[in-house]
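Asks: attaching a predicted model along with its sequence, questions to come.
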Amino acid sequence: MPPETVLTARGLVKRFAAPAGAPIEVLAGVDLVVRRGELVVIEGPSGSGKSTLLNVLGLLEDADAGEVCFADRPVSTLGRGAKSRERGRWLGFVFQSFLLLPALTALENVLLGARYTTGVDAERRRRAMALLERFGVGERRDHHPAQLSGGEQQRVAFCRAVLNDPPLLLADEPTGNLDDANGEVILESLRARAREGGAVIVVSHRPDAAHGAHAVYTLAGGRLRPH
Ligand SMILES: Nc1ncnc2c1ncn2[C@@H]1O[C@H](COP(=O)(O)OP(=O)(O)OP(=O)(O)O)[C@@H](O)[C@H]1O
Ligand SMILES: [Mg+2]
């Protein structure tokens with residue numbers, strides 16, 4: 001069983017150099033604790049730093065100050081290789097822009113989730129196919145991303161992120177390209193993950209994303225404010 005506290009972030013600060021003038025402080029001291037069984041929703045205006053925050057929490061970008069812990073273990077200070085092992089062990093990531101590999105089919109993209117961790121075996125392939133079916137893209141398994149609609153790509157990206165059943169799922173607008181029905185299937189799957197003991201942080205503006213959420217925050221002025 002993973003420990004109770006899955007993610008702790010303390011005092012995260014992130015600045016970006018501006019083309020002219022002073023750097024922009026996108027995160028100005030973000031604190032966040034997420035435990036097993038919790039679904040946390042983050043809202044906020046475009047440009048407020050939501051994707052930046054997920055990237056920092058997911059160890060894809062370094063903060064300028066502050067700390068990220070997985071299960072109370074500081075991970076933001078680890079070296080590159082160790083960080084990537086921690087990511088493989090803890091995280092599933094649904095990117096706002098999907099980041100599917102263009103040369104791979106839908107099924108192969110989903111299996112990427114296993115390639116660097118458990119390895120791809122018959123069981124993983126079965127699970128990948130079951131996920132594609134569940135999210136309505138099973139018949140697109142052999143299509144490349146360029147042959148998929150935006151919403152289909154989004155669903156394939158979601159399947160990839162959950163293939164390994166990560167203790168923590170970070171999802172950046174995972175329903176942004178979907179109609180209500182397909183969006184609801186994804187949201188219900190997020191709720192189910194939390195109910196089953198996983199932890200989920202989702203960036204979403206859909207009002208129904210907050211249904212069943214343990215906490216809803218707005219990111220504004222570089223800080224998270226609880227609703
Ligand atoms: N690599 C970068 N270099 C410079 N500025 C950046 C960089 N990445 C993001 N920013 C800036 O940081 C701010 C926050 O960007 P971010 O993508 O986190 O916003 P967001 O809340 O996810 O917005 P959206 O809802 O539109 O996806 C923006 O003003 C953006 O221009
Ligand atoms: Mg974003």
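Replies: Good, I have the coordinates. Ligands and ions are numbered 1, 2, ... in the order given.

Asks: could you tell me which residues of this protein lie near ligand 2?
Replies: 50-51, 96 (C-beta under 5 Å from the ion). To be clear about C-beta, it is placed using only N, CA and C from the backbone, and glycine gets the same treatment.

Asks: could you report the neighbour count for the closest residue to V156 other than its chain neighbours?
Replies: Computed as C-beta to C-beta, 6 or more residues apart in numbering, the closest residue to V156 that is not its neighbour in sequence is A106, at 4.7 Å. Other residues near A106 come to 28 when the count uses other C-beta atoms under 10 Å.

Asks: surely A106 touches D142?
Replies: Yes - look at A106 against D142 with C-beta atoms under 8 Å: they come within range, at 7.1 Å.

Asks: which residues touch the residue most central in space within the chain?
Replies: When C-alpha atoms, centre = their mean is applied to the chain, the residue found nearest the centroid is L170 (2.0 Å). Residues in contact with L170 (C-beta atoms under 8 Å, 6 or more residues apart in numbering) are 54, 57-58, 91-94, 201.

Asks: what residue in the protein comes nearest to ligand 2?
Replies: Residue of the chain nearest ligand 2, by C-beta to the ion: S51 (3.1 Å).

Asks: quick revisit: what's the pLDDT at the residue nearest to V156?
Replies: Model confidence at A106, given as pLDDT, is 97.

Asks: gap between it and R127?
Replies: Distance, A106 to R127, using C-beta to C-beta, to the nearest Å: 14 Å.

Asks: nearest to R15 among the residues of the chain next to ligand 2?
Replies: Distance to R15 across the residues of the chain next to ligand 2 (C-beta to C-beta) is lowest for S51, with 15.4 Å.
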